[in-house]
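Student: the sequence and its predicted three-dimensional model are supplied below.
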Amino acid sequence: MLVTNGAKHAVYEALQAIIDPGDEVILPAPYWTTYPEAITLAGGEPVVVPTTEAAEFRVTVDQLEAARTPRTKALFFVSPGNPSGAVYPPAEVKAIGRWAHENGVWVVADEIYEHLTYGEHRFTSMPGLLPELAETTLILNGVAKTYAMTGWRVGWIVGPPDVMKAAINLQSHSTSNVGNVSQRAAIAALHGGLDAVTEMRAAYERRGARMHELLSAIPGVTCMPPQGAFYCFPSFESVLGRDLDGRTPRNTIELAAVMLDEAKVAVVPGEAFGSPGYARLTFAVSDADIEEGLQRIAKLVA
């Protein structure tokens, strides 16, 4: 295990440790914006595999197999997902893990939202289901989401000893250790139990349900109910090309600009996540802000 300067640092170092120039990394979309950049920085090539709202933004083994080539080195697997909030059922986690193991594909599993799942959806760790993956899986995590400690910059990588040695050597010549104060704070959080997390998850579940309700009430907007993380990822395809206060957005980048300028609401366009036509909205804000923000969006696009 290696303690890193936040989970983003863990993503970077994990890929630097296992990716060689020309290696391909399968990346289901929508994906977090850092993933393709970190792959490229390691000399690899992202192979984006789109998923759909109808499939609840989950990739299938058949899609992965169609994307696999002799240069495939790794698969990014994220559940719960950012920005989609998708959570893979255990049977699908196991099937994807078996595919990776049988084909010699590394799994880079970002588990940072593991404690933030809603309703009947539950987090499942791939190597927990398939111990044989231990030698070809890197688990990434941190305190930012579960413990609301984003600014403390503490993450970690868990993986086989040879990869950990390479990552430790890299970190020793780049950032060295994580700040001692931050590490002590992280230890306190990890040893402090999950009572506060349970309370926070209940608040997120309520807020996510309300955001989904308000988004779904906007004519033409579709949105999958959030299963995990703290985002809604609605489709605004039907809004594109319409006149909005004298402006006609052609894509969700332009739509996000219109929302910011005219409604004073900030969203992240789906293009940033490899899914044009969608936008990410967070419900890690107050109930009042959710109500006000969605009212403004509804008024703008009505």
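Tutor: Received the coordinates, thanks.
Student: can you give me the buried ones in stretch 264-271?
Tutor: 265, 267-271 (16 or more other Cβ atoms under 10 Å). In short, each C-beta sits where N, CA and C put it, glycine included.
Student: what do you get for stretch 115-130?
Tutor: Under 16+ other Cβ under 10 Å, the buried positions of stretch 115-130 are 115-118, 121, 123-127, 130.
Student: what is the strand or helix carrying Lys165 packed up against?
Tutor: Here Lys165 sits within helix 161-172, counting by DSSP states H and E. Here helix 161-172 is seen to pack against strand 2-4, helix 7-18 when contacts are counted using 3 or more Cβ pairs under 8 Å, 6 or more residues apart in numbering; DSSP states H and E.
Student: circling back to that earlier point, from the buried residues of stretch 264-271, which land in helices?
Tutor: Using DSSP state H to define helices, no part of the buried residues of stretch 264-271 is located there.
Student: out of these, which is nearest to Met164?
Tutor: Val268 (33.0 Å; Cβ to Cβ).
Student: so that closest one bridges to which residues?
Tutor: Beta bridges link Val268 to Arg280, judged by DSSP bridges.
Student: just confirm it contacts Ile253, I think it does.
Tutor: No. With contact defined as Cβ atoms under 8 Å, Val268 does not reach Ile253; the gap is 9.9 Å.
Student: just the closest of the buried residues of stretch 115-130 to Ile218, please.
Tutor: Using Cβ to Cβ, those come closest to Ile218 at Tyr118, 21.5 Å.
Student: what secondary structure does the residue lying closest to that closest one once chain neighbours are set aside sit in?
Tutor: Distances taken as Cβ to Cβ, 6 or more residues apart in numbering put Glu205 closest to Tyr118, at 4.4 Å, once the chain neighbours are dropped. Using DSSP: H, G, I helix; E, B strand; the rest coil, the structure places Glu205 in helix.
Student: returning to what we had before: want to throw the buried residues of stretch 264-271 into CSV with pLDDT?
Tutor: Formatted as CSV, the buried residues of stretch 264-271 follow (pLDDT from 0 to 100):
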residue, pLDDT
Val265, 98
Val267, 98
Val268, 98
Pro269, 98
Gly270, 98
Glu271, 98
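Student: ok, Asp245 - contacts?
Tutor: 258, 262, 300 (Cβ atoms under 8 Å, 6 or more residues apart in numbering).
Student: and the second one, how far is that from Thr248?
Tutor: Plainly put, Glu262 is 13 Å away from Thr248 if you go by Cβ to Cβ, to the nearest Å.
Student: also Met164?
Tutor: The gap separating Met164 from Thr248 is 52 Å, by Cβ to Cβ.
Student: more neighbours: the two, which one.
Tutor: Ranked by neighbour count (other Cβ atoms under 10 Å), Met164 and Thr248 place Met164 first, with 18 against 12.
Student: so what's the more buried one closest to, chain neighbours aside?
Tutor: Leaving aside its sequence neighbours, Met164 sits nearest to Leu2 (Cβ to Cβ, 6+ apart; 5.7 Å).
Student: who's that neighbour bridged to?
Tutor: Here Leu2 sits in beta bridges with Ile157, as judged by DSSP bridges.
Student: can I assume it is in contact with Leu170?
Tutor: No. Using Cβ under 8 Å, Leu2 is not in contact with Leu170, being 9.3 Å away.
Student: okay, and the common contacts of the two?
Tutor: Shared contacts of Leu2 and Leu170, defined by Cβ under 8 Å, 6+ apart, are found at Glu13.
Student: who has more neighbours out of those two?
Tutor: With neighbours defined as other Cβ under 10 Å, Leu2 and Leu170 compare such that Leu2 has more, 22 against 15.
Student: now do the more buried one against Asn82, distance only.
Tutor: Note on Leu2: its distance to Asn82, by Cβ to Cβ, is 22 Å.
Student: Gly151 too?
Tutor: Gly151 is 18 Å from Asn82, by Cβ to Cβ.
Student: who has more neighbours, the two?
Tutor: Between Gly151 and Asn82, Asn82 has the larger neighbour count (other Cβ under 10 Å), namely 25 against 8.
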